[in-house]
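J.: dropping a prediction and its sequence here:
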Amino acid sequence: MPDKNLPKELLRSLKSRLPQMVATLRRFVTAESPSLEKAAADRCCGIIAEAWGKQGARVERITQKHRGDLLRITHASGKSRASGQLLVLGHYDTVYSNGTIARMPYRVRGGKAYGPGTFDMKAGIVQALFALQALQQAETPLRKRLVFLWTSDEEIGSEASRKFFEAEARRSDAVFVLEPSFGPRGLLKTARKGVGEAELIVHGRASHAGLAPQEGINAIHELARQLTRIEKWSDFRRGVTVNAGIIEGGTRANVIPERARAVLDLRALRVSDMRSLEERLHELRPLQSGARLEITGGFDRPPLESKMSAALFERARVLAKQMNLALGECTVGGGSDGNFTAALGIPTLDGLGAVGDGAHSTHEHVLTNTMPARAALLATLLLTV
Ligand SMILES: [Zn+2]
């Protein structure tokens, strides 16, 4: 562990950089970057690449066919031989389509920076950039090589980027995810539920509801009975939930419906619960004779179990204390790319990014005054883990 005063020194130097941090945030946010619009996302990618390039880091642009390009930035301290690697992971894509900025402009009011993607999670990328700058200025040799990976499709499931960040995570001793923190106190996300989606289709037999009701097999009745069964699988205390979010079926009131369908949202905090939920789902059998069930889907993101982040969080808490900052943690129901890296068995600390509120909404914002401390926390973690 380097000099005990270093965290405080890093914090002091980063506090003086706040105006530059906010100016950089403006540049990143005004370059809109919807996950599904490659041309716009690539423009934003270029602007982020330029900012990191100016920092003297090695910037590599990984071309993507359908999504925005990925950015892989490596930094190793010249003086010492780095052994091992730390991965800083995040995404620059946002959920807002191109042009949103016209009705949701970037603006700073009362210490809050508003705009599409400020909080989720462009401020996180800014904080990481300034953390690296502070480390370079502090001239303390880094023990490990640093890799920063900024992806472009997290908001739509990370299908294209997953193999890249998983490969990088496998080479790393720890992963720091710069997704937004939680609440005004900036809680880190030390556990995240696994998330999935499943579809249950019931096939019955159509018939005239008045003339030949006995010949029909009512797919809606069957689906309703299955759903009352499935509903009981939720266990809030254990963090297991099944939510029937969409149902449909039938054609007319006087027709016995031959088909009905439900789409289920699945969540679990533990890998074991995720597995048993998937098993139960696929073991469902019809309750009405003659009905047939078709079940597809399952978990897309495994849970980030708290045991994968506990040691890193403890380290972060101690470092924050040295800067006179209190650091808390929480469990959240939504997933991130940290779920994937933790599932590989790599220690992962998530929610290290911005402090603010309103992700994916018109009032999305970042508390600008918190940015230097967050950057300092990341910098000290990169020095000491
Ligand atoms: Zn995000």
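T.: Ah, there it is. Numbering: from 1, shown residues only.

J.: what's the offset of stretch 291-306 from the middle of its chain?
T.: 18 Å (C-alpha atoms, centre = their mean, to the nearest Å).

J.: in that stretch, which residues are buried?
T.: 291, 293, 295, 297-306 (16 or more other C-beta atoms under 10 Å). (Glycine included, C-beta is placed from N, CA and C.)

J.: can you classify the residue in the stretch 1-150 of the chain that the ion sits nearest to by secondary structure?
T.: The stretch 1-150 of the chain approaches the ion most closely through D120 (4.2 Å), counting by C-beta to the ion. Judged by DSSP: H, G, I helix; E, B strand; the rest coil, the three-state class of D120 is helix.

J.: helix or strand for the residue nearest to it when sequence neighbours are not counted, which one?
T.: Distances taken as C-beta to C-beta, 6 or more residues apart in numbering put A359 closest to D120, at 4.0 Å, once the chain neighbours are dropped. Counting by DSSP states H and E, there is no helix or strand that carries A359.

J.: quick check: A359 vs Y92, distance?
T.: According to C-beta to C-beta, to the nearest Å, A359 and Y92 sit 14 Å apart.

J.: could you list the residues of the stretch 251-385 of the chain in contact with the ion?
T.: Within the stretch 251-385 of the chain, no position is adjacent to the ion by C-beta under 5 Å from the ion.

J.: give me the number of residues near the residue of the stretch 251-385 of the chain found nearest the ion?
T.: Relative to the ion, the nearest point of the stretch 251-385 of the chain is S336 (6.1 Å; C-beta to the ion). Using other C-beta atoms under 10 Å, S336 is surrounded by 28 other residues.

J.: same deal with the one 5 residues further on?
T.: Around T341 sit 27 other residues, with neighbours defined as other C-beta under 10 Å.

J.: mean confidence score for the helix or strand containing it?
T.: For T341, the element it lies in under DSSP H and E is helix 337-343. Averaging pLDDT along helix 337-343 yields 97.

J.: give the next helix or strand downstream of that helix.
T.: Going down the chain from helix 337-343, the next helix or strand is strand 348-349, by DSSP H and E.

J.: tell me which strands that next one pairs with, and in which orientation.
T.: In the sheet, strand 348-349 lines up against strand 174-177 (parallel) (DSSP bridges).

J.: surely E197 is in a helix?
T.: No. E197 sits outside any helix when classified using three-state DSSP, being strand.

J.: looking at A359 and Y92, which is more packed in?
T.: Between A359 and Y92, Y92 has the larger neighbour count (other C-beta under 10 Å), namely 26 against 19.

J.: in contact with the more buried one, which residues?
T.: Residues in contact with Y92 (C-beta atoms under 8 Å, 6 or more residues apart in numbering) are 28, 33, 41, 44-45, 48, 68, 71, 117, 121-122, 125, 150-152.

J.: okay, the buried residues of stretch 291-306 in JSON lines with pLDDT and secondary structure next?
T.: As requested, the buried residues of stretch 291-306 are exported to JSON lines (pLDDT from 0 to 100; DSSP: H, G, I helix; E, B strand; the rest coil):
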{"residue": "A291", "pLDDT": "98", "secondary structure": "coil"}
{"residue": "L293", "pLDDT": "98", "secondary structure": "strand"}
{"residue": "I295", "pLDDT": "98", "secondary structure": "strand"}
{"residue": "G297", "pLDDT": "97", "secondary structure": "strand"}
{"residue": "G298", "pLDDT": "96", "secondary structure": "strand"}
{"residue": "F299", "pLDDT": "96", "secondary structure": "strand"}
{"residue": "D300", "pLDDT": "92", "secondary structure": "strand"}
{"residue": "R301", "pLDDT": "93", "secondary structure": "strand"}
{"residue": "P302", "pLDDT": "96", "secondary structure": "coil"}
{"residue": "P303", "pLDDT": "97", "secondary structure": "coil"}
{"residue": "L304", "pLDDT": "97", "secondary structure": "strand"}
{"residue": "E305", "pLDDT": "97", "secondary structure": "coil"}
{"residue": "S306", "pLDDT": "96", "secondary structure": "helix"}
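
J.: between the residues you listed, which sits nearest R192?
T.: The shortest gap between R192 and any of those belongs to L304, at 4.0 Å (C-beta to C-beta).

J.: tell me what that closest one is bridged to.
T.: R192.

J.: surely it touches T348?
T.: Yes. Applying C-beta atoms under 8 Å as the test, L304 and T348 come out as touching, 6.3 Å apart.

J.: find residues that contact each of these two.
T.: 338, 342.

J.: what does the stretch 51-200 of the chain put close to the ion?
T.: 120-121, 179.

J.: how about these in CSV, adding pLDDT and neighbour count?
T.: Formatted as CSV, those follow (pLDDT from 0 to 100; neighbours: other C-beta atoms under 10 Å):
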residue, pLDDT, neighbour count
D120, 97, 27
M121, 98, 28
E179, 98, 28
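
J.: and the closest residue in space to K193 that isn't next to it in sequence, what element?
T.: Distance criterion C-beta to C-beta, 6+ apart; nearest residue to K193, sequence neighbours excluded, is R267 at 4.3 Å. When secondary structure is defined by DSSP H and E, R267 falls within strand 259-268.

J.: CA atoms of that strand as CSV?
T.: Taking Å, rounded to 0.1, in the frame of the first residue of the first chain, the C-alpha atoms of strand 259-268 are listed here in CSV:
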residue,chain,number,x,y,z
ARG,A,259,-53.7,-20.4,-27.8
ALA,A,260,-52.6,-18.2,-24.9
ARG,A,261,-49.3,-16.8,-24.0
ALA,A,262,-47.5,-15.2,-21.1
VAL,A,263,-44.1,-13.4,-20.9
LEU,A,264,-42.4,-13.7,-17.5
ASP,A,265,-39.7,-11.6,-16.0
LEU,A,266,-37.4,-13.7,-13.8
ARG,A,267,-35.0,-12.5,-11.1
ALA,A,268,-32.9,-14.2,-8.5
